[in-house]
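S.K.: The following comprises the amino acid sequence and a computationally predicted model.
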There are 2 protein chains.
Amino acid sequence: MSQSESLKGVQALLFDVFGTVVDWRESVSEQLRTRTEGSISEDWVEFADEWRKGYYKGVRRVAQGGEGPTNIDVMHREILDEMLDSPRWKHLASRWNDDERQELVLMWHRLHGWPDATEGLYALKKKVIIGALSNGNIRLLVDMAKYTELPWDVVYSGELLGSYKPNPKVYLGAMQHLSLAPSSCAMVAAHIYDLQAAAACGMKTVYVRRLSEDPLEVRDQVKSKANGGEVDAVVDSFIELATLLSK
Amino acid sequence: MSQSESLKGVQALLFDVFGTVVDWRESVSEQLRTRTEGSISEDWVEFADEWRKGYYKGVRRVAQGGEGPTNIDVMHREILDEMLDSPRWKHLASRWNDDERQELVLMWHRLHGWPDATEGLYALKKKVIIGALSNGNIRLLVDMAKYTELPWDVVYSGELLGSYKPNPKVYLGAMQHLSLAPSSCAMVAAHIYDLQAAAACGMKTVYVRRLSEDPLEVRDQVKSKANGGEVDAVVDSFIELATLLSK
């Protein structure tokens, strides 16, 4: 069965956002560079990466039923404060007061889409329902959609659905509110763990290869069912995905 | 204070949908007429009105903590079945089997916007966040937005937020997920009861005069605070509302 046949009957695509739709690493490190230009010289990509790692850890903990904030702005702030307490970044702590740290958190609301994102989403929107299904909070996702033009039909956040991905509650809640059976929905993500959790809920799966996300060895390993792998489709862009979907 | 000053600081507009954004009466009665053309002649406006009244009754009951479906498709079906059991419409009951009744329920997903709706929402979207805040379920609202082009930034349903308007939970939940204080949000509706509930939560309020909604004596009575009334603004269209908001 071809990738296109494998996706037959899909009426809605639910998208992971950070890394899959937007390039958080370049966007956050570039904003840090611009903000500090002429005064601090740091490895801002390393800074963004560490911030992102803290987010993964926090989200995973809450998704598994542990303690932690359900709002990503709050989580991003907690991680930032911890980082600025750590030996690696302590020298920066005095540069940013409370208000400035809140402003830094809002950098995560202004992330650029990958070059194919906006055009691809418009093409997909003509064929199916397109929704964000992110652990980011609604305000963050709405700000981002306005900032980088993401024409969502619906925006779902983990907070709204009562947990974080990969908790099944999030995928199942999103589909329930769309009145769709899992086999009519596909999860689109650049992270295999997200797609594995979606598949466990009965959803179809589309893997998008994005440079900043899963490491190369994982990206190369993920294969479509047509090629003996586990996902329904592997694509390099949303525009490619649009060509796989029949109207 | 003018209407425009009264709305100063508003960062998000939350819209009631049925009657405020879309003309349900004309859309539903017209679809019924088209479906039955040549075979049944009925007063389809009366039929649509009675269906709508059943919806109000059901929603109000659930909003006050009573029993009832949280999904509007389910509620619309229950009301339809009751109507087709009543003396007034019993003669139609045998014409529509289970599948056809499900199709009739889906007419409520295909409602036309009022003439100013799409253009007005695009104008407003450039200035603030625009969201649907409806008792309709998410799938219904998404289908409708695609059908009649409503460029929502975010779509909230009562079901998603755990009750129906006018329960405060719905208004407060919508604002919480936007990380906004009530004074930065305005509710836009063609029903004064909806605006009174929003105001009780601290929101600003915009009354839209729509022919099919509140009766004429109510529409004429509603006044802006500038004119000694209770709402922040009274408008006849979303385009007029856009002129009141500063960027």
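M.R.: In hand now; what should we look at? Residues are numbered from 1 along each chain as shown, chains lettered A, B, ... in the order given.
S.K.: domain parsing for chain A?
M.R.: A:3-23+A:111-245, A:25-109 (the TED database).
S.K.: Any chance of those in JSON lines with mean pLDDT, mean neighbour count and distance to B:Leu160 as columns?
M.R.: Any C-beta I mention is one placed from the backbone N, CA and C, and that applies to glycine too. Formatted as JSON lines, the domains of chain A follow (pLDDT from 0 to 100; neighbours: other C-beta atoms under 10 Å in any protein chain shown; distance: least, C-beta to C-beta, whole Å):
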{"stretch": "domain A:3-23+A:111-245", "mean pLDDT": "96", "mean neighbour count": "20", "distance to B:Leu160": "6"}
{"stretch": "domain A:25-109", "mean pLDDT": "94", "mean neighbour count": "15", "distance to B:Leu160": "15"}
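S.K.: So for B:Val234, which of those domains sits nearest?
M.R.: Closest approach to B:Val234 among the domains of chain A (C-beta to C-beta): domain A:3-23+A:111-245, 27.4 Å.
S.K.: now the end-to-end length of the closest one.
M.R.: 9 Å (C-alpha to C-alpha, to the nearest Å).
S.K.: hmm, that domain touching chain B?
M.R.: Yes - between domain A:3-23+A:111-245 and chain B, judged by C-beta under 8 Å from any C-beta of the partner chain, the touching residues are A:129, A:137-139, A:142, A:145-146, A:151, A:153-155, A:157, A:159-160, A:177-180.
S.K.: Sort out for me which of those residues are in helices.
M.R.: Among the residues of domain A:3-23+A:111-245 next to chain B, the residues falling in helices (DSSP state H) are A:138-139, A:142, A:145-146, A:159-160, A:177.
S.K.: Of those residues, which is the nearest to B:Asp81?
M.R.: Nearest to B:Asp81 among those, counting by C-beta to C-beta, is A:His177 at 23.5 Å.
S.K.: Tell me who's in contact with the closest one.
M.R.: A:156, B:137-139, B:157, B:159-160 (C-beta atoms under 8 Å, 6 or more residues apart in numbering or on different chains).
S.K.: Let me see the backbone angles for the closest residue to A:Lys223 other than its chain neighbours.
M.R.: Of all residues not flanking A:Lys223 in the chain, A:Gly229 sits nearest, at 2.6 Å (C-beta to C-beta, 6 or more residues apart in numbering or on different chains). Backbone torsions of A:Gly229, given as degrees, to the nearest 10, read phi -100, psi -160.
S.K.: so A:Gly229 sits right up against A:Thr205, yeah?
M.R.: No - the pair A:Gly229 and A:Thr205 fails to qualify as a contact (C-beta atoms under 8 Å) at a distance of 10.1 Å.
S.K.: Quick check, A:Met75 in contact with A:Arg60.
M.R.: No - applying C-beta under 8 Å, one finds A:Met75 not in contact with A:Arg60, separated by 11.5 Å.
S.K.: Do a quick rundown of the helices in chain A.
M.R.: Assigned by DSSP H, chain A shows helices spanning A:3-6, A:24-35, A:44-63, A:72-83, A:98-105, A:117-125, A:138-148, A:158-161, A:168-177, A:192-200, A:216-221, A:238-244.
S.K.: Among the ones you listed, which comes closest to B:Leu32?
M.R.: helix A:168-177 (27.2 Å).
S.K.: Next, the angle from that closest one to helix A:192-200.
M.R.: 60 degrees (axes from the mean of the first three to the mean of the last three C-alpha atoms, to 10 degrees).
S.K.: Report the distance from helix A:168-177 to the chain centre.
M.R.: Chain-centre distance of helix A:168-177: 17 Å, with C-alpha atoms, centre = their mean, to the nearest Å.
S.K.: for stretch A:14-32, same thing?
M.R.: On C-alpha atoms, centre = their mean, the centre of stretch A:14-32 falls 8 Å from that of its chain.
S.K.: next one: stretch A:108-116
M.R.: With C-alpha atoms, centre = their mean as the basis, stretch A:108-116 stands 11 Å off its chain's centre.
S.K.: same question, stretch A:135-143
M.R.: On C-alpha atoms, centre = their mean, the centre of stretch A:135-143 falls 11 Å from that of its chain.
S.K.: same question, stretch A:164-183
M.R.: Relative to its chain's centre, stretch A:164-183 lies at 16 Å (C-alpha atoms, centre = their mean).
S.K.: Closest one to A:Ser246 out of the contacts of A:His177, please.
M.R.: Nearest to A:Ser246 among the contacts of A:His177, with distances taken as C-beta to C-beta, is B:Arg139, at 21.1 Å.
S.K.: Quick check: the closest one touching A:Met175?
M.R.: No - B:Arg139 is not in contact with A:Met175 according to C-beta under 8 Å; the separation is 10.0 Å.
S.K.: picking that back up, would you check which pair of the ones in helices among the residues of domain A:3-23+A:111-245 next to chain B lies furthest apart?
M.R.: A:Lys146 and A:His177 (22.5 Å).
S.K.: Other residues contacting stretch A:18-27?
M.R.: By C-beta under 8 Å, 6+ apart, stretch A:18-27 touches A:15, A:45, A:48-49, A:52, A:107-108, A:110-114, A:117, A:121, A:132, A:134-136, A:144, A:148, A:150, A:188-191, A:208, A:210, A:212-213.
S.K.: repeat that with 6 Å
M.R.: Under the criterion C-beta atoms under 6 Å, 6 or more residues apart in numbering or on different chains, residues A:15, A:48, A:111-114, A:117, A:189-190, A:208, A:210, A:212-213 lie in contact with stretch A:18-27.
S.K.: Over to stretch A:76-84?
M.R.: A:51, A:54, A:89, A:92-93, A:101, A:105, A:108.
S.K.: make it 8 Å
M.R.: Outside stretch A:76-84, the residues that touch it by C-beta under 8 Å, 6+ apart are A:47, A:50-51, A:54-55, A:58, A:69, A:89-90, A:92-93, A:96, A:101-102, A:104-105, A:108.
S.K.: any idea how far the closest residue to A:Val154 other than its chain neighbours lies from A:Ala198?
M.R.: The shortest distance from A:Val154 to any non-neighbouring residue, by C-beta to C-beta, 6+ apart, is to A:Gly131 (4.2 Å). Using C-beta to C-beta, to the nearest Å, we find A:Gly131 at a distance of 13 Å from A:Ala198.
S.K.: Right, I'll leave it there.
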